[in-house]
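In: A structural model of the following input is requested.
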Amino acid sequence: MFDSVFKSLVTRRSLLKGSLAMASAPMISIGNETRQTEQLLDFSNPFDNLYAFGKLWGSYDSKPIYSAYKGVQFARIGTKRLIPLFGYTGFGNMQSRLNDDQTINIRGTEGGYFTNLTNGEIIDHWDNPWTGETVEVFPFINK
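Out: This is a model prediction of the structure:
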């Protein structure tokens, strides 16, 4: 099934366009390491690993990447079914910079809050089902 879907999406023309785009892609030069930004990464190369890490966290562009997320935090105990605990919602911005010495700097800010699974309201306290303890929960901003 995958082959038929792939073949219907990839044509000779699209492959040619992609090859031309890669050939004209901007180059990155860090120390004595030079490569195209559209080139496949070689994860056995420490530089490519570090580059990918910075790209996953942010952008190497002059402007930061803005994002938001929403989800549910679960507990996993052994092989038992996952147990939903509380919801969370957050947002942030991240930016990465490649340095001449083949290191990266990542900067950003993130904020978020935790929610009641039943009604979606922001919670200030959470009842830990294992200890019976009520713990304080608070919105956060990481700088």
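In: local confidence estimate at Leu56?
Out: Model confidence at Leu56, given as pLDDT, is 86.
In: could you confirm it falls within a helix?
Out: Yes: when DSSP: H, G, I helix; E, B strand; the rest coil is applied, Leu56 is found to be in a helix.
In: start the count at 895 instead of 1 going forward.
Out: In the new count, where the first residue is 895, that last one comes out as Leu950.
In: quick one: neighbours of it, just the number.
Out: By the criterion of other C-beta atoms under 10 Å, Leu950 has 10 neighbours. Where you see a C-beta, it was placed from the backbone N, CA and C, and this is true even at glycine.
In: how about Tyr945?
Out: As a burial measure, Tyr945 scores 22 neighbours (other C-beta under 10 Å).
In: tell me which residues are up against the helix or strand containing it.
Out: Take DSSP states H and E as the rule and Tyr945 turns out to sit in helix 940-951. For helix 940-951, the surrounding residues in contact (C-beta atoms under 8 Å, 6 or more residues apart in numbering) are 922, 924, 927, 935-937, 954, 988, 990-992, 996-998, 1000, 1002.
In: that'll do, ta.
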